[in-house]
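[1] coords please:
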Amino acid sequence: MENRPGLDPSVAEVRRAVRAVLERVDGSAVVALSGGPDSLALAAATAFEAERRGIPAHAVVIDHGLQEGSDAIASRAADTARRLGLDARVVRVEVAPGEGPEAAAREARYAALSRAADDVGADVVLLGHTLDDQAETVLLGLARGSGALSLAGMPVERRDATGPLWVRPLLSVHRRTTVAACAAEGLSPWTDPHNADPAFARVRVRERVLPVLEAELGPGIAEALARTAEQLREDAAAFQEMIDETIEDIVEHAEAGISVSVAALAANPAALRNRIVRYVVESEFGVSLSRSQTLEVARLATEWRGQGPIDLPGCLARRVGARIEIAARAAS
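    Purely as a prediction, here's the structure:
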């Protein structure tokens with residue numbers, strides 16, 4: 001058992017979660033380190049487990065430059081990682097203007113982590129999201145009326161077409177456990193002021209909504225939400241397999257777009273039909289359809305009464321004989 005005398009249970013829990021990942025790693029690993037308690041506990045556990053297995057491990061600290069003194073905060077986190085026994089580097093990124101700052105920062109961060117992993121030849125990048133992060137993600141998705149894929153939350157692991165394997169070892173570990181692990185190991189995590197700013201919806205969910213749910217419905221709400229996410233992710237994966245098997249037979253390339261067989265689309269149950277519509281539009285045009293837009297396109301197959309073209313983001317959908325054509329708006 002990991003809980004040997006002198007080892008704090010919180011440290012043991014984090015190490016077990018990391019060990020389960022590193023046992024499958026042949027090369028080196030990268031830890032995404034912000035300096036907060038989650039990523040710091042993850043880095044400490046990775047340093048311990050990687051040394052036991054002779055696996056090269058690296059910490060990468062991303063400095064977004066969005067807060068005053070961010071360079072000093074990043075440098076401190078990297079120094080802590082080195083004391084733990086990890087090779088560490090700080091990468092400064094530029095956050096592109098335009099979309100929301102959180103999304104832009106996330107995109108810049110993941111791109112930088114992917115490059116850093118490639119630089120050191122890492123097979124895997126470890127991310128510090130916890131069970132509480134997962135619960136917050138699911139609640140935010142529910143509040144926005146998102147579909148099952150969004151409610152499925154964050155995957156434990158994901159591999160892009162190119163690049164490393166992204167793994168979240170702590171998705172079954174509570175945030176309070178990472179805080180306790182840092183305290184037990186004498187580590188002083190950085191507290192991001194954004195994590196206490198009620199201007200952010202995620203902070204309001206964390207500080208206000210989840211405590212009310214726990215108080216009114218009983219303990220275990222976060223675990224229940226995380227279980228829901230896991231079950232929905234399994235469902236989403238099954239649907240995606242069905243889409244992949246179906247799509248080659250019913251979708252054809254058309255001028256400036258694609259076309260879908262009306263009969264084949266209508267023959268599928270609504271859950272699969274709507275997913276096919278969303279998937280083909282996103283794959284071809286890079287846009288996500290709303291629920292109402294998806295249903296309007298599906299009605300071209302199931303409730304055809306001569307309705308005209310449907311205006312979608314960047315494209316038009318229309319019924320042409322026995323097919324639904326979806327083409328770029330300019331070409332249409």
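
[2] can you pull out the helices in the stretch 151-300 of the chain?
    175-184, 201-204, 210-217, 221-250, 262-267, 270-285, 291-302 (DSSP state H, counting those that start in this stretch).

[3] quick one: the fourth one to chain centroid distance?
    The reference is to helix 221-250. Centre-to-centre, helix 221-250 and its host chain are 14 Å apart (C-alpha atoms, centre = their mean, to the nearest Å).

[4] And the first one, by the same measure?
    Using C-alpha atoms, centre = their mean, the mean C-alpha position of helix 175-184 is found 23 Å from that of the whole chain.

[5] Using CSV, list the CA coordinates for that helix.
    Taking C-alpha atoms only, helix 175-184 is exported to CSV below (Å, rounded to 0.1, in the frame of the first residue of the first chain):
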residue,chain,number,x,y,z
ARG,A,175,-8.8,20.1,-5.4
ARG,A,176,-8.7,19.9,-1.6
THR,A,177,-6.4,16.9,-1.9
THR,A,178,-3.9,18.8,-4.1
VAL,A,179,-3.9,21.7,-1.6
ALA,A,180,-3.2,19.2,1.2
ALA,A,181,-0.5,17.5,-0.8
CYS,A,182,1.3,20.8,-1.3
ALA,A,183,1.1,21.6,2.4
ALA,A,184,2.4,18.1,3.3
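
[6] Run through who's touching that helix.
    8, 10-11, 13-14, 37-38, 40-42, 44-45, 128, 130-133, 170, 188-189 (C-beta atoms under 8 Å, 6 or more residues apart in numbering). (Glycine included, C-beta is placed from N, CA and C.)

[7] circling back: what's the most buried one of the helices of the stretch 151-300 of the chain?
    helix 175-184 (a mean of 20; mean count of other C-beta atoms under 10 Å).

[8] what's in contact with whichever strand or helix holds Asp79?
    Per DSSP states H and E, Asp79 falls inside helix 70-84. Contact partners of helix 70-84, identified using C-beta under 8 Å, 6+ apart, comprise 31, 33-35, 40, 43-44, 47, 59, 61-65, 67, 88-90, 92, 187, 190.

[9] Just those: which are in helices?
    Those of these mapping onto helices are 40, 43-44, 47, per DSSP state H.

[10] Which among the residues you listed count as buried?
    40, 43-44, 47 (16 or more other C-beta atoms under 10 Å).

[11] For the spatially most central residue of the chain, give its distance to Ser39.
    Most central in the chain under C-alpha atoms, centre = their mean is Met154, positioned 4.1 Å from the mean C-alpha point. Separation of Met154 from Ser39 (C-beta to C-beta, to the nearest Å): 15 Å.

[12] Just the CA trace of the helix or strand bottoming out on mean pLDDT in the chain, in CSV.
    Lowest on mean pLDDT, DSSP states H and E among the helices and strands of the chain sits helix 148-151, with a mean of 74. This file holds the C-alpha atoms of helix 148-151, laid out as CSV (Å, rounded to 0.1, in the frame of the first residue of the first chain):
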residue,chain,number,x,y,z
ALA,A,148,-24.0,15.8,-24.6
LEU,A,149,-20.4,16.2,-26.0
SER,A,150,-20.0,19.5,-24.0
LEU,A,151,-21.5,17.9,-20.9
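
[13] which residues make contact with it from outside it?
    138, 141-142, 144, 228-229, 232, 235-236.

[14] Same check on stretch 111-121?
    27-28, 30, 32, 56, 58, 60, 62, 87, 89, 91, 93, 122, 124-125, 160, 163-164.

[15] So for it, what gets flagged as buried?
    So, applying 16+ other C-beta under 10 Å, buried residues of stretch 111-121: 112-114, 116-117, 120.

[16] now swap in stretch 27-46 and tell me
    28-46.

[17] Show the end-to-end separation of stretch 212-224, please.
    15 Å (C-alpha to C-alpha, to the nearest Å).

[18] got a list of contacts for it?
    131-132, 134-135, 174, 210.

[19] So which of these is the closest to His253?
    Using C-beta to C-beta, Gln134 is the member of the contacts of stretch 212-224 that sits closest to His253, with 38.7 Å.
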